[in-house]
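S.K.: sequence first, predicted coordinates after that:
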Amino acid sequence: MTVDFNKLKDEQIFWEDLAVGDCFEGATRTITEADITAFACLSGDFNRLHVDAEYAGKSPFGQRIAHGLLVVAVMSGLFTRMLLNNFLEPSLLGLLDMHCRFPKPAFIGDTIGLRVVVEDKRETSKPDRGVLSLKREVTNQRGEIVVEGIWKLLVRRRPE
């Protein structure tokens, strides 16, 4: 990691402050039955794999699984709690794009954590901003990746 948060003078990170390969670890959070119920009510997604224990017990998973988008939402919350986000947020101009895949399911009781790696950087046609591509990986307590993807963010460049 090239960023030394203790030495940041501006108390924020700009596009130039991050290098491809920089890696950051986040906090963890346990997925609960209440999370799945609340997400089903909020989203209207009452797929039986998420809300019907008897049905899900007969599935290849053998139990209920968390909604993939619930895990993405939790990942977003874990990102906002990272020290990286605290310093990056003042420079953030917007989310441009996100792609994600779900290699394994997350289950009730799984404790998930977030790892963020700067995958790519590119300048834009405007000299005051750049694009950061951040690879995000959510792993469970067994080290299995349950969500991974790339989030592209439009970020301010350091003023001259």
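M.R.: On my side now, so go ahead.
S.K.: in the worst-scoring helix or strand of the chain on mean pLDDT, what counts as buried?
M.R.: In the chain, the helix or strand scored least confidently by mean pLDDT, DSSP states H and E is helix 83-88, which has a mean of 91. Under the neighbour-count criterion of 16 or more other CB atoms under 10 Å, helix 83-88 has 84, 85, 87, 88 buried. Heads up, the C-betas are built off the backbone N, CA and C, glycines and all.
S.K.: and the contacts of it?
M.R.: The contact list for helix 83-88, computed with CB atoms under 8 Å, 6 or more residues apart in numbering, reads 3, 5, 8, 11, 12, 13, 24, 79, 116, 153, 155.
S.K.: quick one: buried residues of the next helix or strand along the chain from that helix?
M.R.: Downstream of helix 83-88, the next assigned helix or strand under DSSP states H and E is strand 92-101. By neighbour count on 16+ other CB under 10 Å, the buried set for strand 92-101 is residue 100.
S.K.: so how far is strand 92-101 from its chain's centroid?
M.R.: Centre-to-centre, strand 92-101 and its host chain are 10 Å apart (CA atoms, centre = their mean, to the nearest Å).
S.K.: could you pull out the helices in the protein for me?
M.R.: Under the criterion DSSP state H, the chain contains helices at 33-43, 48-51, 53-57, 68-80, 83-88.
S.K.: in CSV: those helices, plus distance to residue 130.
M.R.: Listed next are these as CSV, based on distance: least, CB to CB, whole Å:
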stretch, distance to residue 130
helix 33-43, 34
helix 48-51, 39
helix 53-57, 44
helix 68-80, 19
helix 83-88, 12
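S.K.: right, so of those helices, which gets closest to residue 141?
M.R.: Among these, the nearest to residue 141 by CB to CB is helix 68-80 (13.8 Å).
S.K.: and that closest one, what does it pack onto?
M.R.: Counting contacts by 3 or more CB pairs under 8 Å, 6 or more residues apart in numbering; DSSP states H and E, helix 68-80 is packed against strand 23-30, helix 33-43, strand 111-123, strand 129-139, strand 145-156.
S.K.: run through the neighbouring helices and strands of the longest one.
M.R.: Just to be clear, that refers to strand 111-123. Under the contact definition 3+ CB pairs under 8 Å, 6+ apart, strand 111-123 sits against strand 23-30, helix 68-80, strand 129-139.
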